[in-house]
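In: make a model of this:
(one chain, ligands or ions: 2)
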Amino acid sequence: MKITKICCIGAGYVGGPTMAIIAQKCPQIQVTVVDLNAERIADWNDEDVNNIPIYEPGLSQVVAEARGRNLFFSTEVDKAIDEAQIIFISVNTPTKTYGKGKGMAADLKYIELCARQIAKIAKDNKIVVEKSTLPVRTAEAIKSILDNTGNGVQFQILSNPEFLAEGTAVEDLLHPDRILIGGDETAEGQKAIQALVDVYSNWVAPEKILTTNVWSSELSKLTANAFLAQRISSINALSELCEKTGANINEVAKAIGMDSRIGPKFLKASVGFGGSCFQKDILNLVYIAKSYGLNEVADYWEQVIIMNDHQKKRFSNGIVQTLYNTVADKKIAFLGWAFKKDTNDTRESAAIYVANDLIGEQAKIAVYDPKVSHKKVLADLDYLETRSSKKNEEGVQSFENPYEACKDVHAIAILTEWDEFAQYDWQKIYNGMQKPAFVFDGRNILNASELKKIGFIYQGIGA
Ligand SMILES: NC(=O)c1ccc[n+]([C@@H]2O[C@H](COP(=O)([O-])OP(=O)(O)OC[C@H]3O[C@@H](n4cnc5c(N)ncnc54)[C@H](O)[C@@H]3O)[C@@H](O)[C@H]2O)c1
Ligand SMILES: O=c1ccn([C@@H]2O[C@H](COP(=O)(O)OP(=O)(O)O[C@H]3O[C@H](CO)[C@@H](O)[C@H](O)[C@H]3O)[C@@H](O)[C@H]2O)c(=O)[nH]1
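Out: Ligands and ions are numbered 1, 2, ... in the order given. I've put the predicted structure just below:
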C-alpha cells in the first residue's frame, strides 16, 4: 500500500515532534496534525517558528523546513481523518481523577472520543495507530468501537508506542533505539504493519524496527517506563543511605554503572523524577496488575512511586531542617521549574511539590527557569489545590534573571539540571545573599568544593 496521507490526532509533546520528523523525512507524504485546542494549533502555525508551543532543541528548524510543504497543523479534525490512510492517535492519557481507578488507572476518555470520531467519519479502510501510551488490551476496545459504530469499512489497529524523552525529542526521533510496531497476526494485520514499517524505513534502519503482536507492544511501553523509573528510585534509595554512611552516591553510581550488565545510564540521583509519563504509566501498570488480582506484582512496582514521593519530601524537609527548623518568611530561590532540562514541560515536576511544601511552611519562593513562565508556575501550584490562588501568588514570584532571583535569599535550591546553572558567577550570587548562604543541589550539578571555598553551605543529594 502506498501511503500518501497521514493524520495525527493530538498536537502535543508527542504528536507535534513525531509528525514533524515524519514530514521532514518523508516529503512524499502529506502529514496533518489536528487538535481540538485552537490556541495550540495557532501556536504551531505562528509565523515566527520560535513561538511554537513546545520547546525542544532543534524542533523549530525541523518545523520551519516542513511546515506548509507537507506538514500542516489544523483544527479540522474530520477533514484530516477523512483524507488519511493512516491515523495516529496521540492524545493525552492522564491518570484518572474520578470514579473507578481514580488516582491509578489511565483515563481513556480522549482515546474513546477519537475512536468514535474516526468511526463516524471514515468512508474507506484505515489503519489506526495507537501512538499514545495505553493499558495493555486497549486495542481491543478501540476495535470494538470502530467495528460497531463505523460505516462498515475495515480498520486495522496497530500499536506503535513512542519512546522519545523530552529535551532530546528530535535526536531520539531521528536516531531511535528501536521502533516498535504491534499488529494483528492476520494477513491484513501484517499488511498494515508493513505499511507503517515502510514509513519509518525512510530513515530508520531495518534492524531497528521491531514488530510484535499488539499486546506485547502495548505492554512493552509501560514496562520500559517502569524499568527506567525503577533505576532512578533505586539510586535515590541508595542516596539516602549514602548520606548516613559517608559513601558518595556519584561514586557508587559510577562504580556500579561500569558493570556492563548494569550500565551507566539513568543512575543520576536527584530530587525525584517528574514528567508526564513515569508516575502515570507505573500507576497504570499497578492498576492493571491489581485488576488481574496480582497483588505482589502491583506492590512491587508501586514501591517505585513511593520511593519517589519520599525523595521529594526528603528534599523539602532537609531544607527546613537545615535552615534551623523554620523557613517562615525566609526567601528561597528555585533555579529550575521544568521537570528536566531542555524542555518547557513542567508536568509532575519535583519543583512543584517542593515549592508546595515550603510555601506550606510560609517560605517565599523566587523562581528562575529559562523556559517556564510565571503563569505556568502559578497554574502548577493551583492544580494541587493545597491553598487559594491568592495564597500561592503571595508565596511565589518569578524572575527573568537568575541573579535577581537569588538576591537577598537565605537559600538556593537547584530543581532542574539546566546547563547554565553551573556556569553562573557563584561569587556574585554569594555576595548578594543572606548569610549563612545555603545551596541545596537537587541535581548534583554544581561544583561543591568551589562553592564551599566561596563560603556556601552546600548540600547535594547522596553525599
Ligand atoms: N510527553 C512525552 O514525552 C511522551 C512520550 C511518549 C509517549 N507519550 C504518550 O503520548 C500521549 C500524548 O502525550 P503528550 O505529552 O503529547 O500529551 P499532550 O497533552 O501534550 O497532547 C495531547 C493533545 O491531544 C489533544 N486532544 C485530546 N483529545 C483530543 C481529541 N478528541 N481530538 C483532538 N485532539 C485532542 C489535546 O488538546 C492535546 O493538545 C500520552 O499517552 C503519553 O503518555 C508521551
Ligand atoms: O538518571 C536520571 C534520569 C532521569 N531523571 C529524571 O527522570 C525524569 C524523566 O526523565 P526522562 O526519562 O529523561 O524524560 P521523559 O520525557 O519523562 O521520558 C520518559 O518518558 C517518556 C514518556 O513515556 C518515554 O517515552 C521516555 O522513553 C522516558 O525516558 C526527569 O525528571 C529526570 O530529571 C533522574 O532523576 N535521574
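In: ranges for the helices of the stretch 351-463 of the chain?
Out: Secondary structure of the stretch 351-463 of the chain (DSSP state H, counting those that start in this stretch): helices located at 374-383, 389-395, 402-405, 420-423, 426-431, 448-454.
In: so which of those comes closest to residue 258?
Out: helix 448-454 (22.3 Å; CB to CB). Where C-beta positions appear, they are placed from N, C-alpha and C, glycine not excepted.
In: can I get the CA coordinates of that closest one in PDB?
Out: Extracted in PDB, the C-alpha atoms of helix 448-454 (Å, rounded to 0.1, in the frame of the first residue of the first chain):
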ATOM      1  CA  ALA A 448      30.600  21.500  45.500                       C
ATOM      2  CA  SER A 449      34.200  22.200  46.500                       C
ATOM      3  CA  GLU A 450      34.300  25.500  44.700                       C
ATOM      4  CA  LEU A 451      31.100  26.600  46.300                       C
ATOM      5  CA  LYS A 452      32.300  25.600  49.700                       C
ATOM      6  CA  LYS A 453      35.500  27.600  49.100                       C
ATOM      7  CA  ILE A 454      33.400  30.700  48.300                       C
END
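In: which elements pack onto it?
Out: On a contact count with 3 or more CB pairs under 8 Å, 6 or more residues apart in numbering; DSSP states H and E, helix 448-454 meets helix 426-431, strand 457-459.
In: got the helices of the stretch 351-463 of the chain as TSV, with mean pLDDT and mean neighbour count columns?
Out: Formatted as TSV, the helices of the stretch 351-463 of the chain follow (pLDDT from 0 to 100; neighbours: other CB atoms under 10 Å):
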stretch	mean pLDDT	mean neighbour count
helix 374-383	98	17
helix 389-395	98	14
helix 402-405	98	18
helix 420-423	98	14
helix 426-431	98	16
helix 448-454	98	14
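In: circling back to that earlier point, could you dump the helices and strands packed on helix 448-454 to CSV with distance to ligand 2?
Out: Below are the helices and strands packed on helix 448-454 laid out as CSV (distance: least, CB to the nearest ligand atom, whole Å):
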stretch, distance to ligand 2
helix 426-431, 22
strand 457-459, 17
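In: any chance of these in TSV, plus distance to residue 299?
Out: Below are the helices and strands packed on helix 448-454 laid out as TSV (distance: least, CB to CB, whole Å):
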stretch	distance to residue 299
helix 426-431	44
strand 457-459	32
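In: who in the stretch 151-300 of the chain is up against ligand 1?
Out: Residues of the stretch 151-300 of the chain lying near ligand 1 by CB under 6 Å from any ligand atom: 162, 164, 166, 276, 277.
In: and with 8 Å instead?
Out: Residues of the stretch 151-300 of the chain lying close to ligand 1 (CB under 8 Å from any ligand atom) are 161-166, 169, 221, 275-277, 280-281.
In: and the buried ones among those residues, selectable in ChimeraX?
Out: Typed into ChimeraX, the line below selects the buried ones among these, using 16 or more other CB atoms under 10 Å:
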select :161,162,163,164,166,169,221,275,276,277,280,281
